[in-house]
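>>> structure, please.
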Amino acid sequence: MDARPYSQSCENNKNPILGVLREALAEVGHVLEIGSGTGQHARYFAEQMPGICWQCTDLAQNLPGIDSWREGYSGDNLPPPLELDVRSDDWTVTPPEAVFTANSLHIMAWSAVESLFRRLGELAPPGSLLCVYGPFNYGGDYTSDSNARFDVWLGQQDPDSAIRDFEAVDALALAAGYHLQADHTMPANNRLLVWRKAPL
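Numbers count the residues shown, from 1 in each chain. Here you go, the predicted structure:
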């Protein structure tokens, strides 16, 4: 029996996400994934894009599960996961030329989302990419009834969790020096947003 952590949503969305990332990351050699969760995405994307070093990060309690997805992987582009709490003022991980995060902004408290963008603004190199996957509201409205129900469920699990407004997140990105490059419509009422940090 496979004891690795497993997310059905990761299994469902990995191919659509890969399709966007192949193009967005075509000239990238190193990606920092923030909030790697189970580790499924990292294993799959590292396999499918062997020219990219895929660095996982997450809270300490999630690292063993992520590491279990590395077992048996024969490539050299999936290093051991690193601990990272985006709320920390002392990041021990330096963002490389691209950052990816999936289904994380609606789980974090808004203060953590603010911290994430602030630290990327301080640490990520000019010209680097930021790719964010997940559900978003637009103009203060849900994009589907299922997202409205999902938002209610999120609030029941944790009052700090909620689907974020695109405009509020984009404002954080702009304040951190990022400019929106693409807003991709994804299955299951999700989006994949791509920002690029302004060059010097």
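>>> burial count for the residue nearest to residue 131 when sequence neighbours are not counted?
Distances taken as C-beta to C-beta, 6 or more residues apart in numbering put residue 100 closest to residue 131, at 4.6 Å, once the chain neighbours are dropped. (Glycine included, C-beta is placed from N, CA and C.) The number of residues packed near residue 100 is 28, by other C-beta atoms under 10 Å.
>>> tell me what residue 100 is bridged to.
residue 33, residue 131 (DSSP bridges).
>>> any idea how far the most centrally placed residue in the chain lies from residue 83?
Centre of the chain computed as the mean C-alpha position; nearest residue by C-alpha atoms, centre = their mean is residue 101, 0.5 Å away. Distance, residue 101 to residue 83, by C-beta to C-beta, to the nearest Å: 16 Å.
>>> residue 57 in helix, strand or coil?
What DSSP: H, G, I helix; E, B strand; the rest coil gives for residue 57 is strand.
>>> if I read this right, it contacts residue 93, doesn't it?
Yes: applying C-beta atoms under 8 Å, one finds residue 57 in contact with residue 93, separated by 5.8 Å.
>>> any shared contact partners between these two?
32, 82, 84 (C-beta atoms under 8 Å, 6 or more residues apart in numbering).
>>> burial count for the last one?
Looking back up the chat, that one is residue 84. Residues contacting residue 84 under the criterion other C-beta under 10 Å number 23.
>>> contacts only, for it.
Contacts for residue 84 (C-beta under 8 Å, 6+ apart) come out as 34, 57, 58, 59, 91, 92, 93.
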